[in-house]
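S.K.: 3D model of this:
(2 chains)
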Amino acid sequence: DQQVKQNSPSLSVQEGRISILNCDYTNSMFDYFLWYKKYPAEGPTFLISISSIKDKNEDGRFTVFLNKSAKHLSLHIVPSQPGDSAVYFCAASEGGATNKLIFGTGTLLAVQP
Amino acid sequence: SAVISQKPSRDICQRGTSLTIQCQVDSQVTMMFWYRQQPGQSLTLIATANQGSEATYESGFVIDKFPISRPNLTFSTLTVSNMSPEDSSIYLCSVGTSGALQFFGPGTRLTVL
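M.R.: From the prediction side, this is the model:
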């Protein structure tokens, strides 16, 4: 039972254009969502997060949108840069004492120069 | 954010042997976690390493296969016991901070022959 899904295994975008990465979830108890970037041979790096009480959070070139009714979130990267090429994971948490994260399957973003 | 190191960074092991992976953090943290990323897969939580008590394992993971130690607030080990080729994965430790945010170590790439 995959509670967090990223249906696009890969995405190719031209440098300077917008990258949109999507994530869907099934558990309505999730109240905190995060995006991580992962380069090969490195651990995931935290990018941006959003609480369920918000529908948008922005940090520089990165913006995360949350649509709770659709159980959908997206990460927008504008403008995309070749250094953004990596695997992007969305993750979700129910919060509480354990703060466990449930990860999606990842999307490989390739930004073409 | 905490600085997290893991040893070894990679290893190649024979079937039936065991490997202990170390995770060191540069500051005291309450929550430490161990994840596995099998080839082409997402990150899956193995267990939460609790200081001073037994680890809390997720469904599908057992202490006999993945014993965990947490002797203090800056260090934890994960042992992969009686290894088989199916255990070939990247093993990652992470630390929890405020809320659900976690920071990850660089990972240990394990290949079992």
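S.K.: residue ranges in chain A under the pLDDT threshold?
M.R.: Counting by pLDDT under 70, chain A shows low-confidence ranges at A:1, A:97-98.
S.K.: spatially central residue in chain B, please.
M.R.: Taking Cα atoms, centre = their mean, the centroid of chain B lies closest to B:Trp34, which sits 3.4 Å from it.
S.K.: that one contacts B:Leu92, correct?
M.R.: Yes. With contact defined as Cβ atoms under 8 Å, B:Trp34 counts as touching B:Leu92 (7.3 Å). C-beta coordinates here come from the backbone N, C-alpha and C atoms, glycine included.
S.K.: rewinding a little: hang on, the residue nearest to the centre of chain B in a strand?
M.R.: Yes. With the criterion set as DSSP: H, G, I helix; E, B strand; the rest coil, the secondary structure at B:Trp34 is a strand.
S.K.: who does it bridge with?
M.R.: B:Ala47, B:Cys93 (DSSP bridges).
S.K.: again, but for A:Ile20
M.R.: Here A:Ile20, judged by DSSP bridges, has bridge partners A:His76.
S.K.: list the contacts of it.
M.R.: A:Leu11, A:Ser74, A:Leu75, A:His76, A:Ile77 (Cβ atoms under 8 Å, 6 or more residues apart in numbering or on different chains).
S.K.: quick one: which of the residues you listed is nearest to B:Phe75?
M.R.: A:Leu75 (33.5 Å; Cβ to Cβ).
S.K.: tell me who's in contact with the residue nearest to the closest one when sequence neighbours are not counted.
M.R.: Nearest residue to A:Leu75, sequence neighbours excluded (Cβ to Cβ, 6 or more residues apart in numbering or on different chains): A:Leu21, at 4.5 Å. For A:Leu21, the contact set (Cβ under 8 Å, 6+ apart) comprises A:Gln6, A:Ser8, A:Leu11, A:Trp35, A:Ser74, A:Leu75, A:Ile77, A:Tyr88, A:Cys90, A:Thr107, A:Leu109.
S.K.: no further questions, thank you.
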